[in-house]
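*Asks:* give me coordinates for this.
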Amino acid sequence: MITTFAAALNAGLRTAMEDDAKVVLLGEDIGQLGGVFRVTDTLQKDFGGNRVIDTPLAESGIVGTAFGMALRGYRPVVEIQFDGFVYPAFDQIVSQVAKIHNRTDGKVKAPLTIRIPFGGGIGAVEHHSESPEVYFAHTAGLRVVSPSTPADAYSMIRQAISLDDPVIFFEPKRRYWDKADVDFEGEPDLPLHRARVCTRGADVTVVAYGGTVATALTAAKIAAEEGHSLEVIDLRSLSPIDVDTIAESVDKTGRLVIVHEAPVFAGLGAEIAARVTERCFYQLEAPVLRVGGYDIPYPPAKLEKHHLPDPDRILAAVDRCLAA
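*Replies:* Numbering: from 1, shown residues only. Next up, the predicted model:
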């Protein structure tokens, strides 16, 4: 069935709630309104206010409450309304949620999923277009994932909710209205931690995640018209990283470009570059290159098109790789 990214998430949440009565949703305006992006639309009507809970505007309180519910056997799913609003809950996530498994020698589990719409491209105001994923990927004890397609949105949210580990679930908000075919009857075709090879190629490997995967695929189409073959990999899992899939591709192409919206400095691309250099040093034909946001606070909406990676910037990096 052809559906949007947001509708696929809604269907995934609905399926998880139907399958397990312990799955509950918490967040600001997620009930009667259905969330600012309508991801939870109609769920409160169908499952009731005890399972789809409208919370006060207090992210620390929301995550703290959900964490307590997880410890009592529930499987809460939290919606942080926008990426820039997660910081008041950062202490709860890093100091409590991420550490409970290790602190209790594995005796206590925290099956908690925290949904965070992230990234730019929607013309939003300050605090509404950030990319904080590296903070969480750096935190031991958390799984961090980001789907890029409606099909993965449907399957990955269900996989995340079913885990006994806490999962930070980053949703690229500029993809909420993208449409694609989703098999609502099928099972996930990949484990949650595996990357996906979206297109096969022989000249340069391009790794992206979240909102930049579609951008990388557009760049690959343009490159093909110019006679260059790009292998595009959707990372999907930001922690842990599926280095094996990336390394297998780089062993073949000898070149790697990494794309993300977050600033390049100390971003996830730096970790991937380091891992690939360690694994594939003798296969690399050129330096690993990164294409990302600039090292500035996210700019006003009228300037964001200059800040976000686009096909031209990706192809410029590809050309530098091929010229090396």
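*Asks:* which strand of this structure spans the most residues?
*Replies:* strand 256-263 (DSSP state E).
*Asks:* which elements pack onto that strand?
*Replies:* strand 204-208, helix 212-225, helix 268-280, strand 289-293, helix 311-323 (3 or more Cβ pairs under 8 Å, 6 or more residues apart in numbering; DSSP states H and E). The C-beta positions use only the backbone N, C-alpha and C, and glycine is treated the same way.
*Asks:* any idea what residue 26 is bridged to?
*Replies:* residue 53, residue 78 (DSSP bridges).
*Asks:* check the offset of the longest strand of the chain from the chain's centre.
*Replies:* Centroid separation between strand 256-263 and its chain, computed with Cα atoms, centre = their mean, to the nearest Å, is 13 Å.
*Asks:* which element is residue 32 on?
*Replies:* Using DSSP states H and E, residue 32 sits within no helix or strand.
*Asks:* list the contacts of it.
*Replies:* Residue 32 sits next to 44, 54 when contact means Cβ atoms under 8 Å, 6 or more residues apart in numbering.
*Asks:* can you list the helices and strands packed on strand 256-263 in a markdown table and add distance to residue 17, mean neighbour count and mean pLDDT?
*Replies:* Compiled in a markdown table, these are given as follows (distance: least, Cβ to Cβ, whole Å; neighbours: other Cβ atoms under 10 Å; pLDDT from 0 to 100):
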| stretch | distance to residue 17 | mean neighbour count | mean pLDDT |
| --- | --- | --- | --- |
| strand 204-208 | 31 | 30 | 98 |
| helix 212-225 | 28 | 20 | 98 |
| helix 268-280 | 31 | 18 | 98 |
| strand 289-293 | 35 | 23 | 97 |
| helix 311-323 | 39 | 17 | 97 |
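*Asks:* distance to residue 115 added to these, as JSON lines?
*Replies:* Shown next, in JSON lines, are the helices and strands packed on strand 256-263 (distance: least, Cβ to Cβ, whole Å):
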{"stretch": "strand 204-208", "distance to residue 115": "21"}
{"stretch": "helix 212-225", "distance to residue 115": "18"}
{"stretch": "helix 268-280", "distance to residue 115": "19"}
{"stretch": "strand 289-293", "distance to residue 115": "22"}
{"stretch": "helix 311-323", "distance to residue 115": "28"}
